[in-house]
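**Student:** Give me a model of this one.
(2 chains)
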Amino acid sequence: MIDFKKMIAEAIAKTLEIDVKEIEMSIENPKGADNGDYAFPCFRLAKTLRKAPPMIAEEIKTKIKIDENQITKIEVVGGYINFFVNKEALAKQVLQEIAQNEEYGKSEMGKEKNIVIDYSAPNIAKPFHIGHLRSTVIGAALYKIYKYLGYNVTGVNHLGDYGTQFGKLIEGYKKWGSEYNIDENPIDELTKIYIRINQACKEDESILEECRNNFKKLEDGDSYCVELWNKFKDASLKEFQKVYDLLGSKFDSWNGEAFYADKMPEIVELLEMSGRLVESEGARIIDLENQGMAPCIIEKSNSSSTYATRDLAAIMYRARTYNFDKALYVTSYEQVLHFKQIFETAKLLGLDEKYTNGLEHVPFGMVLQKEGKMSTREGNVIKLEELLNEAMSRAKNIIEEKNPELENKEEVAKKVGIGAVIFNDLANSRVKDEIFDWDTILNFQGETGPYVQYTYVRTKSVIEKAGGIPDINKVNSNYLLDDASNRILKLIYNFEDILIQVTDKNEPSILSRYLIDVAKAYSNFYNENKIIVDDKGIQNARVYLTYAVGKVLKLGASLLGIEMPDKM
RNA sequence: GUCCUCGUAGCAUAAUAGGAGAAUGCAGUCGCCUCCUAAGCGACAGAUUGGAGGUUCAAAUCCUCUCGGGGACGCCA
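**Tutor:** Reported below is the predicted structural model:
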């Protein structure tokens, strides 16, 4: 497709002695339809050219040479130069592109670049609650979008399957295991034990000490501890899989923390060699005071490993195995300091700068209850499975009410219910906290997943009623010059740019909001225009536009991990 | 106490590397189904962008201070 922005930038560059890239970056999409499709603000040039911005704008306008078949009008308003794209050219291009590319907006820009995304990472033996949803859903969306842009992506589920928490569970199981029916309902029962042992630890320091020792034993390969650990792990994975099946989550690697058990000695050795590993209060640490951070603990005083050591081992392993250009960590912002620490410490491992520069934490806000934070230990979590089931059943109720004749209600309810939950989680900026509220998450009206799905279903239905997708050669884009059509076409034109923005900021909400915009623009068009009409010329054009909208909505949704029903 | 982060209409959020009357949804009021799915569309009303300074032609956005929410600060992960 023609890159209008670039074209304008090049034309402006020829009238001035300024770098094209710089101009291209300052070109913006103006506010208000009256101001055209692209705008170049001249204010910044005022100083160097020593002229008033409107004068500069006027000069550029008279000097500029640009293909009039593409840009039909140039206007100076204040210090802005506004460019108007030829609507017909735009329509033709966009529809051609839609017709020619099955995978519209797909790109090769990430070719030969490797990206590792570490996401989801639930803790074994703990319930999969709504806090884990965000990591899972954000990570999955980034995974799909990077892949669509041609990157070679590896998704890692860095399971929390190691650490003192298992020492605690083992201790609790030892003490009261027989009181609980673990075989029947493993996670719930283990959670009860976990809550109870944490309480006991709080009351009695010596029990906590015992727990830490259990973890030490586990690391040293004590058969009783290892056996229990395996049992807990198997039960948990089975439980997690239920949720992953509902969400459609897949991972390329399930290497959790335990996987790095035998890879930590090398890390300790490398850090020793760096001369920066020092003893402090019985533990061995990397002092990061000069970097303005608390120290990174590498080995505890009972010589067992820490989360940090395992993460460092993981960096080393991933550098060697995946040769990553970027390694993303999708976790809550509670861990920002931790990642700062290990990214700093990783510089001491003798790795190529390519790797240490590629490390990036992608933090997100927490899901809070109205009463405050959720915590497994406090026992006030909402399990994800419960949420998803509730979502599906609410969706089902709405179907019964609105469209009782619908076939495969269950399947549609699943797509709509789960879609609503995923969309809700991806609709806002990552870093913002989210107050959990059933009615908000499971709202199916307004700017929601179901709204996007509903709009898609409409496009399908229109195409069906019209007797199918018209031949692109019979489509006359002259029929699509009205504002409503033009707005849609401009949005579709921007699709790839939106995906690039998502990867630039690791912010899937940019795509979610975009889909809302597309759906809204189409709904407006749909209400203003009759699509199936006597004039086949008009009908073909409008149906083809409808087809294009449906295609982008479905593609975009699938990149977010949301499935589209054909009817709802 | 130190550091990080967030603060935008009653509520939930947008605002494309500082840019054109701060934009949407929910809730509220009003209109639109003999016509392609009303899970929809349109209209009205609702904001000194927490507060005070500063930088700039231009500040929700950057800087300083201040108030408020959240988080992190050595053997949890």
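**Student:** Tell me the residues of the stretch 101-250 of chain A that contact RNA strand B?
**Tutor:** On the criterion C-beta under 7 Å from any atom of the strand, RNA strand B has as its neighbours in the stretch 101-250 of chain A the residues A:Asn123, A:Gly160, A:Tyr162, A:Gly163, A:Thr164, A:Gln165, A:Leu208, A:Arg212, A:Phe215. C-beta coordinates here come from the backbone N, C-alpha and C atoms, glycine included.
**Student:** Most neighbours among those, please name it.
**Tutor:** Per-residue neighbour counts (other C-beta atoms under 10 Å) across those peak at A:Phe215, which has 25 neighbours.
**Student:** Not counting its neighbours along the chain, what's nearest that one?
**Tutor:** Among residues not flanking A:Phe215 along the chain, A:Gly167 sits closest, at 3.4 Å (C-beta to C-beta, 6 or more residues apart in numbering).
**Student:** Quick one: neighbours of the one you found, just the number.
**Tutor:** A:Gly167 - counted by other C-beta under 10 Å - has 25 other residues nearby.
**Student:** before we move on, what about A:Ile115?
**Tutor:** So A:Ile115, with other C-beta under 10 Å, has 23 neighbours.
**Student:** In which helix or strand does it reside?
**Tutor:** Per DSSP states H and E, A:Ile115 falls inside strand A:114-118.
**Student:** Can you name the element that comes right after that strand?
**Tutor:** helix A:130-148.
**Student:** Could I have the CA atoms of that following helix written out in CSV?
**Tutor:** Extracted as CSV, the C-alpha positions of helix A:130-148 are listed here (Å, rounded to 0.1, in the frame of the first residue of the first chain):
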residue,chain,number,x,y,z
ILE,A,130,-7.8,-13.7,38.4
GLY,A,131,-4.4,-12.1,39.2
HIS,A,132,-2.8,-14.7,36.9
LEU,A,133,-5.3,-13.9,34.1
ARG,A,134,-3.6,-10.6,33.2
SER,A,135,-0.1,-12.1,32.7
THR,A,136,-1.6,-15.0,30.7
VAL,A,137,-3.7,-12.8,28.5
ILE,A,138,-1.3,-9.9,28.0
GLY,A,139,1.5,-12.3,27.3
ALA,A,140,-0.5,-14.3,24.8
ALA,A,141,-1.6,-11.2,22.9
LEU,A,142,2.0,-9.9,22.6
TYR,A,143,3.0,-13.4,21.6
LYS,A,144,0.5,-13.5,18.7
ILE,A,145,1.1,-9.9,17.6
TYR,A,146,4.9,-10.2,17.5
LYS,A,147,4.5,-13.4,15.6
TYR,A,148,2.2,-11.8,13.1
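**Student:** and the residue nearest to A:Phe215, what element?
**Tutor:** A:Gly167 belongs to helix A:164-176, assigned by DSSP H and E.
**Student:** Flag every buried residue along that helix.
**Tutor:** Within helix A:164-176, the residues scored as buried using 16 or more other C-beta atoms under 10 Å are A:Thr164, A:Gln165, A:Phe166, A:Gly167, A:Lys168, A:Leu169, A:Ile170, A:Glu171, A:Gly172, A:Tyr173.
**Student:** rewinding a little: the residue nearest to A:Phe215 and A:Leu208 touch, don't they?
**Tutor:** No: if you go by C-beta atoms under 8 Å, A:Gly167 and A:Leu208 don't touch, sitting 9.1 Å apart.
**Student:** pLDDT of stretch A:124-143, averaged?
**Tutor:** Averaging pLDDT along stretch A:124-143 yields 91.
**Student:** The residue in the stretch 151-300 of chain A positioned nearest to RNA strand B and A:Leu247, how far apart?
**Tutor:** Closest approach between the stretch 151-300 of chain A and RNA strand B, counting by C-beta to the nearest atom of the strand: A:Gly163, at 2.5 Å. From A:Gly163 across to A:Leu247, the span is 25 Å (C-beta to C-beta, to the nearest Å).
**Student:** can you tell me which residues contact A:Lys21?
**Tutor:** A:Ala9 (C-beta atoms under 8 Å, 6 or more residues apart in numbering).
**Student:** Where does it sit, in terms of helix or strand?
**Tutor:** Applying DSSP H and E, one finds A:Lys21 within helix A:20-26.
**Student:** What of A:Met293?
**Tutor:** Here A:Met293 is assigned to no helix or strand, by DSSP H and E.
**Student:** That one reaches A:Gln341, doesn't it?
**Tutor:** Yes: A:Met293 lies in contact with A:Gln341 (C-beta under 8 Å); the separation is 5.7 Å.
**Student:** The two - which one has more neighbours?
**Tutor:** More crowded of A:Met293 and A:Gln341, by other C-beta under 10 Å: A:Gln341, with 22 against 16.
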